[in-house]
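need a structure here:
(chains A and B)
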Protein chains: 2
Amino acid sequence: MLDRIRIVLIGTSHPGNIGGTARAMHNMGLSDLALVAPRCEPLTSDTVSRASGADHLVRGARTVETLEQAVSNCTLVVGASARSRTLPWPMITPRALGERLPGELAGEDARIALVFGREDSGLSNAELQRCHAHVHIPANPDFSSLNLATAVQVLAYECRLAWLAQQESAPGADPEPPQPLATHEELEHYFAHLERTLVAIGFHDPALPRQLMARLRRFTLRARPERMELNILRGILTATEKQAGGGNDATP
Amino acid sequence: MLDRIRIVLIGTSHPGNIGGTARAMHNMGLSDLALVAPRCEPLTSDTVSRASGADHLVRGARTVETLEQAVSNCTLVVGASARSRTLPWPMITPRALGERLPGELAGEDARIALVFGREDSGLSNAELQRCHAHVHIPANPDFSSLNLATAVQVLAYECRLAWLAQQESAPGADPEPPQPLATHEELEHYFAHLERTLVAIGFHDPALPRQLMARLRRFTLRARPERMELNILRGILTATEKQAGGGNDATP
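Model (predicted):
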């Protein structure tokens, strides 16, 4: 799925932003980059520095003259836009875009382009009107312009989450087996041991229980103790009982 | 809500990343920045350039020497971590973090810190073990290290989405005011007290720590102790110390 999502940068001015875009893409598992009429040399030392190991995406990028050439084989073209324009266009949020991806990419030939404009002036109206929809990253209205590579990161992140959700819905092995949790019985043995110990050290008087044991139960159960953790806690109780002189490990 | 979310950068090396962080924060409506032992001059021309109009956040940032100082009044401390460590900690996704925010910040004194490590080596194990949970941005396993400011952007974006969702949901009274949670500082005092007590009763040898304190930290932080619960636990420790003959309430 991710290999059929193309990032298109139009008229980029700063090589560092192209490098940062490559890094964000590679971080999120995207690889298809197209540069439309860049206003800088795409591959400089700044590019390589900001790409931080992902400059192969820039070397492999297609550089073209027009948006048309960059998106011609795409079945969905979405333009990133900070502003609402004179002619309102279908607007989606980054999250809604992610949710649409699996359906949009269900067909074998389906391809999606996410189009980003110039650092200073964004996408032109003509460019925006070549898009099926516009995506707007919800930002502080008083300071709404994100760095270009950062904006790519946010949309690429939503793409990756959508892809991961799709992977998860497919059957597969759990990556990490969870630690065994303590059973109810083990927990009850622990609480009994805890109460005996608190009595032995003079902290707890069962004749005047207040809500001490209830509070300790609630706290402990909230943590969902693992069996190994409970064993540690019981070891502490046994060591404490020895100090109190009343150590007795006979009961469970 | 957004004004009670603090971004904490530890040991940052590049002023540009501090500027980029400020821009990402201001874009998403966050304003509370703390710098822990930066390894560069925080405010340079690179900072101002990458901040692109948000450098007032850097000028207003608190610079401190230790993580403790940066997060002492926070009720939830979440560390950004790319790697699973030897002792797995509660992991959450950025999205799950966003979904938890309204509840976490329901209490008036609640404050959240999102902690980011060094560009080259991330957070240390000691730093990670001071966090309630770790957040991992799901990335390409072969290229998982995001640019620092870009990682801040992703988490700040999730914070903003959570805030926007809360704004949209109709105002209404919370059914039950939450109990005040223990602050980071109170938790650290508890852990110090716990360790002293375990030494006093002969259960713990700091020269052979194994992972005892880390396991007890993980268990306790997972439960998100309320202040009152922590007071009970400290009462138990004090009573235990008296039994061990080494009772000493002087230290915090």
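
can you name the next helix or strand after the host helix or strand of residue A:21?
Here residue A:21, judged by DSSP states H and E, is contained in helix A:15-28. Per DSSP H and E, the first helix or strand lying C-terminal to helix A:15-28 is strand A:32-36.

that next one: what's the following helix or strand?
Following strand A:32-36 in sequence order, the next helix or strand is helix A:45-51 (DSSP H and E).

let me see the mean pLDDT of that next one.
Helix A:45-51 carries an average pLDDT of 98.

find the nearest non-adjacent residue to the single nearest residue of chain A relative to chain B, please.
Nearest residue of chain A to chain B: residue A:223, at 3.7 Å (CB to the nearest CB). (C-beta placed from N, C-alpha, C; glycine too.) Excluding the flanking residues, the one nearest residue A:223 by CB to CB, 6 or more residues apart in numbering or on different chains is residue B:223, at 3.7 Å.

and if you look at residue A:52?
Closest to residue A:52 by CB to CB, 6+ apart is residue A:23, at 5.2 Å.

state the distance from that neighbour to residue B:3.
Residue A:23 is 31 Å from residue B:3, where distance means CB to CB, to the nearest Å.

quick one, which of the two is more surrounded?
residue A:23 (26 against 11; other CB atoms under 10 Å in any protein chain shown).

quick one, what contacts that one?
A:50, A:51, A:52, A:53, A:54, A:149, B:146, B:147, B:150 (CB atoms under 8 Å, 6 or more residues apart in numbering or on different chains).

and residue A:78, what helix or strand is that in?
strand A:76-80.

now do that strand: everything it contacts.
Contacts with strand A:76-80, where a contact means CB under 8 Å, 6+ apart, come from A:71, A:92, A:97, A:104, A:110-117, A:122-123, A:127-128, A:130-137, A:151, A:155.

and chain B, which of these contact it?
Among those, the residues lying close to chain B (CB under 8 Å from any CB of the partner chain) are residue A:137.

now, which of the contacts of strand A:76-80 lie within strands?
A:92, A:112, A:113, A:114, A:115, A:116, A:133, A:134, A:135 (DSSP state E).

do you know the pLDDT at residue A:214?
Residue A:214 carries a pLDDT value of 85.

so how many other residues sit close to it?
Around residue A:214 there are 10 other residues, counting by other CB under 10 Å.

distance-wise, check it relative to residue B:220.
According to CB to CB, residue A:214 stands 18 Å off from residue B:220.

now swap in residue A:46 and tell me
In this view, residue A:46 and residue B:220 are 47 Å apart by CB to CB.

so what's the residue count around residue A:39?
12.

let me see the contact set for it.
A:11, A:12, A:13, A:118.

then residue A:2?
Contact partners of residue A:2, counting by CB under 8 Å, 6+ apart, are A:28, A:29, A:30, A:31, A:159, A:160, A:163.

residue A:26 contacts residue A:57, doesn't it?
Yes: counting by CB atoms under 8 Å, residue A:57 is a contact partner of residue A:26 at 5.9 Å.

more crowded one of these two?
Using other CB under 10 Å as the criterion, residue A:26 and residue A:57 rank with residue A:26 on top: 24 against 21.

isn't residue A:13 right up against residue A:118?
Yes: Residue A:13 lies in contact with residue A:118 (CB under 8 Å); the separation is 6.7 Å.

near chain B, which residues of the stretch 51-200 of chain A?
Neighbours of chain B within the stretch 51-200 of chain A, by CB under 8 Å from any CB: A:52-54, A:95, A:137-140, A:143-147, A:149-150, A:153-154, A:157, A:160-161, A:164, A:176, A:198.

picking that back up, hmm, which of the ones in strands among the contacts of strand A:76-80 is lowest in pLDDT?
Lowest pLDDT within those is found at residue A:133 (87).

which residues sit in contact with the nearest residue to that one once chain neighbours are set aside?
Nearest non-adjacent residue to residue A:133, counting by CB to CB, 6+ apart: residue A:90, 4.3 Å away. By CB under 8 Å, 6+ apart, the contact list for residue A:90 reads A:132, A:133, A:134.

report the buried residues of the strand or helix carrying residue A:58.
Applying DSSP H and E as the criterion places residue A:58 in helix A:55-59. Across helix A:55-59, burial judged by 16 or more other CB atoms under 10 Å in any protein chain shown covers A:55, A:57, A:58.

alpha carbons only: can I get it in PDB?
Output of helix A:55-59 as PDB, limited to C-alpha atoms (Å, rounded to 0.1, in the frame of the first residue of the first chain):
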ATOM      1  CA  ASP A  55      19.100  10.700   0.500                       C
ATOM      2  CA  HIS A  56      18.600   7.700  -1.800                       C
ATOM      3  CA  LEU A  57      15.000   8.800  -2.100                       C
ATOM      4  CA  VAL A  58      16.100  12.200  -3.500                       C
ATOM      5  CA  ARG A  59      18.600  10.400  -5.900                       C
END
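
show me where chain A has its helices.
Under the criterion DSSP state H, chain A contains helices at A:15-28, A:45-51, A:55-59, A:67-71, A:94-104, A:125-128, A:148-169, A:184-200, A:212-222, A:227-244.

please identify the most buried of those.
With neighbours defined as mean count of other CB atoms under 10 Å in any protein chain shown, the helices of chain A peak in mean count at helix A:15-28, which reaches a mean of 27.

could you tell me the angle between that one and strand A:112-116?
Compare the direction of helix A:15-28 with that of strand A:112-116 by axes from the mean of the first three to the mean of the last three CA atoms, to 10 degrees and you get 150 degrees.

what about helix A:15-28, distance to the chain center?
17 Å (CA atoms, centre = their mean, to the nearest Å).

export that helix to PDB, keeping only CA atoms.
What follows is helix A:15-28, C-alpha atoms only, in PDB (Å, rounded to 0.1, in the frame of the first residue of the first chain):
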ATOM      1  CA  PRO A  15      17.400  21.700  -0.400                       C
ATOM      2  CA  GLY A  16      17.200  21.000   3.300                       C
ATOM      3  CA  ASN A  17      13.500  20.700   3.100                       C
ATOM      4  CA  ILE A  18      13.900  18.100   0.300                       C
ATOM      5  CA  GLY A  19      16.300  16.200   2.500                       C
ATOM      6  CA  GLY A  20      13.900  16.500   5.500                       C
ATOM      7  CA  THR A  21      11.100  15.300   3.300                       C
ATOM      8  CA  ALA A  22      13.100  12.200   2.300                       C
ATOM      9  CA  ARG A  23      13.900  11.400   5.900                       C
ATOM     10  CA  ALA A  24      10.200  11.700   7.000                       C
ATOM     11  CA  MET A  25       9.100   9.600   4.000                       C
ATOM     12  CA  HIS A  26      11.700   6.800   4.700                       C
ATOM     13  CA  ASN A  27      10.900   6.900   8.400                       C
ATOM     14  CA  MET A  28       7.200   6.200   7.600                       C
END
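
surely residue A:159 touches residue A:30?
Yes: in this structure, residue A:159 is within contact of residue A:30 by CB under 8 Å, at 6.7 Å.

which residues do the two both contact?
With CB under 8 Å, 6+ apart, residue A:159 and residue A:30 have common neighbours A:2, A:5.

stretch A:78-88: end-to-end distance?
14 Å (CA to CA, to the nearest Å).

tell me the mean pLDDT for that stretch?
Taken as a whole, stretch A:78-88 carries a mean pLDDT of 74.

kindly report the same for stretch A:24-34.
Mean per-residue pLDDT for stretch A:24-34: 98.

what about it, distance to the chain center?
The answer for stretch A:24-34 is 15 Å, by CA atoms, centre = their mean.

what sits up against that stretch?
Contact with stretch A:24-34 is made by A:2-9, A:21-22, A:53-54, A:57-58, A:60-64, A:70-71, A:113, A:149-150, A:152-153, A:156-157, A:159-160, A:163, B:139-140, B:143-147, B:150, as judged by CB under 8 Å, 6+ apart.
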